[in-house]
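Q: Need coordinates for the following:
(one chain, ligands or ions: 2)
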Amino acid sequence: MVKICCIGAGYVGGPTMAVIALKCPSIEVAVVDISVSRINAWNSDELPIYEPGLDEVVKQCRGKNLFFSTNVEKHVSEADIIFVSVNTPTKTRGLGAGKAADLTYWESAARMIADVSKSDKIVVEKSTVPVKTAEAIEKILSHNSKGIKYQILSNPEFLAEGTAIEDLFKPDRVLIGGRDTPGGQKAINALRDVYAHWVPQDRIICTNLWSAELSKLAANAFLAQRISSVNAMSALCEATGANVTQVSHAVGRDTRIGPKFLNASVGFGGSCFQKDILNLVYICECNGLTEVANYWKQVIKVNDYQKSRFVNRVVSSMFNTVSGKKIAILGFAFKKDTGDTRETPAIDVCKGLLGDKANLSIYDPQVTMDQIQKDLSMNKFDWDHPIHLQPMSPTTVKQVSVAWDAYEAAKDAHGLCILTEWDEFRALDYQKIFNSMQKPAFVFDGRNIVDVKKLREIGFIVYSIGKPLDSWLKDMPAMA
Ligand code: NAD
Ligand code: UDX
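A: Ligands and ions are numbered 1, 2, ... in the order given. The predicted model follows:
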């Protein structure tokens, strides 16, 4: 029986290994982590992450050929194939701080593999890493090898949160990079055989190591660039009376461009886009490619601009001050169908409004009060380095409350900001919400999910990203 071990039981390691176990009953899969609480949660009825369809997959395989454990050394030493899916956050200090990937967790996993291995191993980079990381990993392993042979493969993950199970069941492609040597090709084939249990052969792409590593960064940069492009257009739409939804539709009908990933929003979030682009920028700079680095940097700058533009619009619409006013925040996760708040635009928007002394009442169907408070008290990039966590200042604590539902959040509020596109926010009784709010009542839709016309008929003053402004907002131009 082939044995797989995955180091890192997070958003990628957990769902990916659960699907491998489901699709390959002949393979034994162990997912290991240094976090005891995470492993306990994977072994309970309350999984550590919310992901549609994940519970059913885990229930079908757990205890049969899928195991979650903190006994990292045992499972690593027994495995034939070791996936490394640890976090690779942005460095917060030292060389490359604020841009480069922090490979501390990766390096410690590699050293541990070298320490405990007693047989040949295929080591698979599942984490997103800078191009050429495999070379560094090879060095660590071969300098401590005790005669054991290691083959390093790059097999980046392309799943998106909220649709992880769907994406893993039917991936657009699986990418495997390896050395162009007999040993390298043998390792590629071994991993290809795992995926071939359910992924059609023509969707499994094999490349050299560096292409695979770079393709992951490139794919995320291209995706994020589309969002920044449409968000940049949304600002121009507001200035000219064009409607960004109509523009996206017209542009996306060009088959060379395509319709997906053209939804204007308050900004992209999530643990990947910003981190991976910063990483790409850093790699370009290290290779002396300043113009290329500046090109990609702009994608992040536009994203930051979009978030601050939103905050400015809220404040300027409400007579240039939100001090002491209650503002309801609907949605805190970085997208719908996840409880993940890493780099969510809601953090920057809430911090912006708190900076103007607003009182926030926040509701998200999947995010806990504890998480919201942690997020609002952390500095940029600290979310993946919990050690730097600062307690929330007493003033901030007083300004933030967490509501049980959207109606409670909106009661007596002056304004309502929609920051995540949860389906339930489309179906709210906006007349009931209007009746319970202070007047004039404002809606700021950062996800373009409300029926603007209907809400204006109810009496709301509505701002929706990239949509023609109503006369109130035209008279109160945002100081972006
Ligand atoms: P995560 O933080 O959810 O999970 C990483 C896990 O690794 C944590 O539970 C941590 O405790 C564990 N870990 C760290 N060092 C360890 C060690 N030495 N031994 C054992 N366990 C260790 O991160 P994630 O979101 O799953 O991302 C993992 C990697 O996958 C990152 O490189 C990320 O860029 C990439 N990725 C993420 C996504 C996504 O949607 N989240 C998608 C594609 C790729
Ligand atoms: C992304 C990539 O899609 C995935 O392939 C990679 O493996 C990890 O990074 P993820 O961050 O989980 O996945 O979600 P994604 O659906 O890409 O959304 C990222 C952010 O962009 C979210 O905040 C989302 O709301 C935003 N977004 C997405 C838009 O603002 N507009 C869009 O049209 C699409």
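Q: Nearest to ligand 1: which residue in the protein?
A: Ranked by Cβ to the nearest ligand atom, the top residue of the chain for proximity to ligand 1 is Gly10, at 1.9 Å. Bear in mind the C-beta positions are built from the backbone N, C-alpha and C, glycine included.
Q: can you confirm that residue is in a strand?
A: No. Read with DSSP: H, G, I helix; E, B strand; the rest coil, Gly10 is coil and lies in no strand.
Q: wait, what's in contact with it?
A: Counting by Cβ atoms under 8 Å, 6 or more residues apart in numbering, Gly10 makes contact with Asp33, Arg38, Ile49, Ser85, Val86, Asn87.
Q: hmm, try it at 10 Å
A: Counting by Cβ atoms under 10 Å, 6 or more residues apart in numbering, Gly10 touches Thr16, Val31, Asp33, Ser35, Arg38, Pro48, Ile49, Ser85, Val86, Asn87, Ser127, Ser271.
Q: can you narrow the residues you listed to ones near ligand 1?
A: Asp33, Ser35, Arg38, Ser85, Val86, Asn87, Ser127, Ser271 (Cβ under 6 Å from any ligand atom).
Q: Columns distance to ligand 2, pLDDT and neighbour count on top of the residues you listed, output as JSON lines?
A: Converted to JSON lines, the ones next to ligand 1 among the contacts of Gly10 look like this (distance: Cβ to the nearest ligand atom, whole Å; pLDDT from 0 to 100; neighbours: other Cβ atoms under 10 Å):
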{"residue": "Asp33", "distance to ligand 2": "20", "pLDDT": "97", "neighbour count": "23"}
{"residue": "Ser35", "distance to ligand 2": "20", "pLDDT": "97", "neighbour count": "14"}
{"residue": "Arg38", "distance to ligand 2": "19", "pLDDT": "98", "neighbour count": "21"}
{"residue": "Ser85", "distance to ligand 2": "12", "pLDDT": "97", "neighbour count": "27"}
{"residue": "Val86", "distance to ligand 2": "16", "pLDDT": "96", "neighbour count": "24"}
{"residue": "Asn87", "distance to ligand 2": "13", "pLDDT": "94", "neighbour count": "21"}
{"residue": "Ser127", "distance to ligand 2": "11", "pLDDT": "96", "neighbour count": "26"}
{"residue": "Ser271", "distance to ligand 2": "7", "pLDDT": "96", "neighbour count": "23"}
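Q: ok, these vs Glu161, which is closest?
A: Ser271 (8.4 Å; Cβ to Cβ).
Q: Once you drop chain neighbours, what's closest to the closest one?
A: Arg342 (3.9 Å; Cβ to Cβ, 6 or more residues apart in numbering).
Q: sec struct for that neighbour, please.
A: Applying three-state DSSP: Arg342 is coil.
Q: Would you enumerate the residues in contact with it?
A: 11, 87, 89, 161, 269-272, 274-275, 333-334, 375, 383-384.
Q: likewise Asn87?
A: Contacts of Asn87 (Cβ under 10 Å, 6+ apart): 8, 10-13, 101-102, 104-106, 127-128, 271, 275, 342, 384-385.
Q: Determine the longest helix present in the chain.
A: helix 209-240 (DSSP state H).
Q: from the middle of its chain, how far away would that helix be?
A: With Cα atoms, centre = their mean, to the nearest Å as the basis, helix 209-240 stands 14 Å off its chain's centre.
Q: quick check, it touching ligand 2?
A: Yes. Helix 209-240 is in contact with ligand 2 by Cβ under 6 Å from any ligand atom, via Asn220, Leu223, Ile227.
Q: And for the second one, the neighbour number?
A: The burial count assigned to Leu223 is 18, neighbours taken as other Cβ atoms under 10 Å.
Q: excluding its backbone neighbours, what's nearest it?
A: Leaving out its chain neighbours, the residue that sits closest to Leu223 by Cβ to Cβ, 6+ apart is Phe261, at 5.8 Å.
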